[in-house]
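# My questions concern the predicted model and sequence given below.
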Protein chains: 2
Amino acid sequence: MTAASQLASVLDHIDKDFDNSLERLFTLLRIKSISADSAFDADCKKAADHLAADIATIGFEANVLPTEGHPAIIGKSDVAKSNGAHVLFYGHYDVQPVDPLNLWNRPPFDPVVTKHADGRDIIVARGAEDDKGQLMTFVEACRAWKSVTGSLPIDVTILIEGEEEIGSKHFGPFLEKHKNDLKADFALVCDTSMWDQNTPAITTALRGLVYEEVIVKAANRDLHSGIFGGGAQNPIRVLTRILGGIHDDNGRVTIPGFYDGVKDLPADIRAQWEKLNLTPDAFLKPIGLSIPAGETDRLLIEQVSSRPTADINGIVGGYTGEGSKTVIPAQASAKISFRLVEGQDPAKIRKAFRDYVTARVPADCKVEFLDHAGAPAIALDWGMKPLAAAKRALTDEWGRDALLIGSGASIPIVADFKRTLGLDTVLIGFGLDDDNIHSPNEKYDLKSFHKGIRSWARILAAFADAPR
Amino acid sequence: MTAASQLASVLDHIDKDFDNSLERLFTLLRIKSISADSAFDADCKKAADHLAADIATIGFEANVLPTEGHPAIIGKSDVAKSNGAHVLFYGHYDVQPVDPLNLWNRPPFDPVVTKHADGRDIIVARGAEDDKGQLMTFVEACRAWKSVTGSLPIDVTILIEGEEEIGSKHFGPFLEKHKNDLKADFALVCDTSMWDQNTPAITTALRGLVYEEVIVKAANRDLHSGIFGGGAQNPIRVLTRILGGIHDDNGRVTIPGFYDGVKDLPADIRAQWEKLNLTPDAFLKPIGLSIPAGETDRLLIEQVSSRPTADINGIVGGYTGEGSKTVIPAQASAKISFRLVEGQDPAKIRKAFRDYVTARVPADCKVEFLDHAGAPAIALDWGMKPLAAAKRALTDEWGRDALLIGSGASIPIVADFKRTLGLDTVLIGFGLDDDNIHSPNEKYDLKSFHKGIRSWARILAAFADAPR
């Protein structure tokens, strides 16, 4: 029996069992697995244990394995299929911090289905989309296949990590150590988005990331600005002056060498992208903005997907409480990240940034840097075989052509899979731009979850029956 | 009997009772009267009640009186003196917040006498100097006079407020309301400094202050920097770009009109100040710096006392916790203060700053301002009569000439006294530049406290016997 012939029953089961799928997602969403904050280390462990136990119930031989940081999970499906197709599915159970908590409409770890302002049904919780929702979308598709047919249509290895939100620092060595357990034909990565609510997409290009923290230190203690103001250097002044200069009036990054190796879009791609017509009205208006902030001579779609960026993700120094305090602080710090595109070397960008800052710090101040992450951009092969099968399955489910798109986000694991395991990756996800991931009131459309599970069920069937 | 003939007995009593003076100061220092943080409102009330009760024990008719904010105290000495001299003494019981708490060597509200690194005995606690220590230095001098002679040598009204550290917002109306109870010949204000450990000083010029908070708002929620980075405006970028531009390469403030009305030092004063030889080695080295940060064409002593400044006292936006978060925040904010000199109008400076910022905020972002304080600079009359008596008394106690100096700090109450009560002010204090006021490990030299009490006892006698 071909997978295709069993698919209708599987899809039917998905529809009937959907309330249970939702409850299983909620159970995972209730675990506060914030990887960035060591106060939640035990919750991260709990999320890993829970997921391993859950996928064991659908026939995976699952193990929670230590890393230098939060643990990872490897689960292998139980039956080696005669067709031999074998995919490595990747997701992560860790989530972003929830601050500012006061901007959430409800507790971030108390998931609920509610109505979006425009009437859509949405699941609201930290991790609802990124990545617990996306991850469970795939797991539930596997569960349906197992329930209906007793096995999966292809061999699946599930790999789940717990440090994606903090740069997957310890995951490279983990992959290296376990590479014999992670053999597959290609990888599937799920934390990407659809083009819009009704149009599925496969992501074939990703920006890279360099994430730095810079700490400027001036006096050996906090000073009174009346006594010392004017004479003593203020590290916030130094830091704002330096960071305030990294963009020019045209939105271009001024760090010398930043654009080295960056190529313009091929004319045909640019023509296609112009047709997609990503307008400020469509993209920026929903978030309350109207003026593209990137390089003024680039399309908005280029600014957010094919051009490199510099963003200050956080800054703090001096007195930030209620009221006023006339202090000149001893130090100030900022977190800065760069989204990279093909042709940029993360190590060179990091060095260029550090050189730029260091050259501008007064001689009697000190500067320190912390490296929080670094990964090159990814450009996948648009002709890769599994793409065609996945594209067809998505088109069948959603009733319109699945698009091949570039994403502005960074998923460093894709480069690691190629380098360590020799695997190409197919990136498919059901997120939307308005999911508020990393923000208060993160959500995942109920439709994304439901049709996403159905999509993965179809994709597994398509992989099983595709010529290899 | 003249006050001068009784002085020796009073000074002797001060020496013998000094341990008790210290214990009374400690009792006040243990009260957590942080005015900026509403969590400490009850402590502010407690400090006011405690001080009123304490000065009542030395014959003051003392009342705790409400303001729109924290209460104030008016205490009037009990006997109208035949000589008719009458001073209004001003101090404040409120203190600055204590953060960052981890930089304190011990709990900030558990005062102790300990050794400075260079061997000096010091009192360490929040408020040890500013202003509880300085205030009690005066109160203890009154107590000694009362104990030894049964009364004070002149009439004294003590006025203590609880909102100095938050800009004395409600004190103007309070003065207006109680002005008939605050009549005097002149005012004494105590929260100023000596020239150095061994050289007393009277402050005759003070910088003014404009304190602003600026909040830049961009998107209607926090955004993921991968999805929106490059296209969506980042309020930290906007804020750092604006604030990073308020000083030029020569340390000059670039806000149009900022220096309007600012006069150069008269040649003779500049010559005197050059002789004082305030070097970077003497002034900046103790705080770990070496390069004056102000206008490059000005003396260091000008930079910190006679030139206006702009300092960013606090900045915050985005993710500031441990690790990294790829967020573009919805807003960022900063606290900025300007020290003003004679000739600058606080209202004009505030407007110039707001105009400067507003003109630089992108059209789709919003900016809000909060007014935390505003007061003009003060230049006192160097020929004012009580100065000579006070100068002589200080010189007698310390064995070297008391200096007349300018201070970089702002004491807005001095302008209020002139405007509302018609009083000139004599500013005398025993602080030192290394007292860490507004900073962790605030201290007050034990010698400042002891010889300060003796100094005030001498000054009261000098005022009593001075020709009026």
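Cool, the structure landed.
# Quick one: low-confidence residue ranges for chain A.
Scanning chain A for pLDDT under 70 picks out A:1, A:79-84, A:382-383, A:467-468.
# Tell me which stretches of the stretch 101-250 of chain A form strands.
For the stretch 101-250 of chain A, the strands defined by DSSP state E, counting those that start in this stretch occupy A:112-115, A:121-124, A:155-161, A:186-189, A:201-206, A:208-217, A:223-224.
# Dump these to TSV, plus distance to chain B and mean neighbour count.
From N, CA and C alone the C-beta is placed, and that goes for glycine too. What follows is the strands of the stretch 101-250 of chain A, written out as TSV (distance: least, CB to the nearest CB, whole Å; neighbours: other CB atoms under 10 Å in any protein chain shown):
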stretch	distance to chain B	mean neighbour count
strand A:112-115	16	13
strand A:121-124	13	22
strand A:155-161	15	25
strand A:186-189	14	24
strand A:201-206	9	24
strand A:208-217	5	23
strand A:223-224	5	26
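# Please name whichever of these is nearest to A:H450.
strand A:121-124 (9.3 Å; CB to CB).
# so what does that closest one touch, helix or strand wise?
Contact analysis of strand A:121-124 by 3 or more CB pairs under 8 Å, 6 or more residues apart in numbering or on different chains; DSSP states H and E lists helix A:18-29, strand A:112-115, strand A:443-445, helix A:446-465 as its packing neighbours.
# The third one pairs with which strands, parallel or anti?
Meaning strand A:443-445. strand A:121-124 (antiparallel) (DSSP bridges).
# quick check, distance from the partner strand to the centre of its chain.
Mean C-alpha position of strand A:121-124 versus that of the full chain (CA atoms, centre = their mean, to the nearest Å) differs by 19 Å.
# burial measure for whichever residue of the stretch 51-200 of chain A sits closest to chain B, as a count.
Using CB to the nearest CB, the single residue of the stretch 51-200 of chain A nearest to chain B is A:I166, 5.0 Å away. A:I166 has 23 neighbours, counted by other CB atoms under 10 Å in any protein chain shown.
# Now do the contacts for it.
Contacts were defined as CB atoms under 8 Å, 6 or more residues apart in numbering or on different chains; by that measure A:I166 touches A:S35, A:A36, A:G69, A:D94, A:H372, A:A373, B:G323, B:S324.
# From A:S38, how far off is it?
Applying CB to CB, to the nearest Å, the value for A:I166 to A:S38 is 11 Å.
# How about A:L51?
21 Å.
# Neighbour count for those two, which is higher?
Applying other CB under 10 Å to A:L51 and A:S38 shows that A:L51 carries more neighbours, namely 26 against 11.
# ok, now which ones touch the more buried one?
A:L28, A:A62, A:I73, A:Y93, A:I160.
# Now for those residues: which two are most distant?
A:L28 and A:A62 (14.4 Å).
# For chain B, what's its nearest residue on the stretch 1-150 of chain A.
Minimum separation of the stretch 1-150 of chain A from chain B (CB to the nearest CB) falls at A:A36, amounting to 4.0 Å.
# Look at the closest residue in space to that residue that isn't next to it in sequence and say how many residues are nearby.
Excluding its sequence neighbours, the residue lying closest to A:A36 (CB to CB, 6 or more residues apart in numbering or on different chains) is B:G323, at 4.0 Å. Using other CB under 10 Å, B:G323 has 22 other residues around it.
# before we move on, what about A:E23?
10.
# just A:S290 next, same as before
13.
# Now do the SS call for it.
Under DSSP: H, G, I helix; E, B strand; the rest coil, A:S290 falls in the coil class.
# and it, what is it in contact with?
Contacts of A:S290 (CB under 8 Å, 6+ apart): A:P280, A:D281, A:L284, B:A363, B:D364.
# related to what we said a few turns ago, and the residue of the stretch 1-150 of chain A closest to chain B, what does it touch?
Counting by CB under 8 Å, 6+ apart, A:A36 has contacts A:Q96, A:P97, A:E165, A:I166, B:G321, B:E322, B:G323, B:S324, B:K325.
# ok, and the closest non-adjacent residue to A:P286?
A:D434 (5.8 Å).
# which of the contacts of A:S290 tops the neighbour count?
A:L284 (23 neighbours).
# That residue is in contact with B:I227, isn't it?
No. In this structure, A:L284 is not within contact of B:I227 by CB atoms under 8 Å, at 12.0 Å.
# neighbours around the residue of the stretch 351-468 of chain A found nearest chain B, how many?
Among all residues of the stretch 351-468 of chain A, A:A409 sits closest to chain B, at 2.8 Å; criterion: CB to the nearest CB. Look at A:A409: counted by other CB under 10 Å, it has 24 neighbours.
# quick one, phi psi at it?
Dihedral pair for A:A409: phi -80, psi 170, per degrees, to the nearest 10.
# Return the residues in contact with it.
Counted by CB under 8 Å, 6+ apart, A:A409 has contacts A:T192, A:L206, A:R207, A:R339, B:H224, B:G226, B:I227.
# so who does the closest residue to A:T326 other than its chain neighbours touch?
Nearest residue to A:T326, sequence neighbours excluded (CB to CB, 6+ apart): A:S225, at 4.4 Å. Applying CB under 8 Å, 6+ apart, we find A:S225 in contact with A:T326, A:V327, A:I328, B:T309, B:D311, B:N313, B:S337, B:R339.
# repeat that with 6 Å
Each residue near A:S225 by CB atoms under 6 Å, 6 or more residues apart in numbering or on different chains is listed here: A:T326, A:I328, B:D311.
# would you list the residues you listed in TSV and tack on neighbour count?
Below are the contacts of A:S225 laid out as TSV (neighbours: other CB atoms under 10 Å in any protein chain shown):
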residue	neighbour count
A:T326	27
A:I328	34
B:D311	27
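# Of these, just say which sits nearest to A:G288.
The closest of the contacts of A:S225, once distances to A:G288 are taken by CB to CB, is B:D311, at 31.7 Å.
# Next, the angle strand B:208-217 makes with the strand or helix carrying that closest one.
According to DSSP states H and E, B:D311 maps onto strand B:309-318. Interaxial angle, strand B:309-318 versus strand B:208-217 (axes from the mean of the first three to the mean of the last three CA atoms, to 10 degrees): 30 degrees.
# what's downstream of strand B:309-318, the next helix or strand?
strand B:327-328.
# Grab the two from the contacts of A:I166 that are most spread out in space.
Top of the distance list for the contacts of A:I166 (CB to CB): A:D94 and A:H372, 14.7 Å.
# circling back: B:Q344: which of the contacts of A:L51 is nearest?
A:Y93 (58.1 Å).
# contacting residues around the closest one?
A:S33, A:A47, A:L51, A:I160, A:G162.
# try it again with 10 Å
A:28, A:31, A:33, A:35, A:43-44, A:46-48, A:50-51, A:70-73, A:127, A:131-132, A:135, A:160-164 (CB atoms under 10 Å, 6 or more residues apart in numbering or on different chains).
# which residues in chain A form helices?
A:3-16, A:18-29, A:41-56, A:132-149, A:171-177, A:225-228, A:235-243, A:267-276, A:280-283, A:300-305, A:346-360, A:385-398, A:413-416, A:446-465 (DSSP state H).
# residue contacts, the closest residue to A:S33 other than its chain neighbours?
The shortest distance from A:S33 to any non-neighbouring residue, by CB to CB, 6+ apart, is to A:A47 (3.9 Å). By CB under 10 Å, 6+ apart, the contact list for A:A47 reads A:28-33, A:35, A:40, A:70-71, A:73, A:92-95, A:127, A:132, A:160, A:162.
# Now with 6 Å, please.
A:I31, A:S33, A:Y93 are the contacts of A:A47 under CB under 6 Å, 6+ apart.
# What about A:N277, how many residues nearby?
10.
# got the phi/psi numbers for it?
Torsion angles, degrees, to the nearest 10, at A:N277: phi 50, psi 60.
# Report the separation between it and A:F283.
In this view, A:N277 and A:F283 are 10 Å apart by CB to CB.
# Could you do A:A393 as well?
On the measure of CB to CB, A:A393 and A:F283 end up 28 Å apart.
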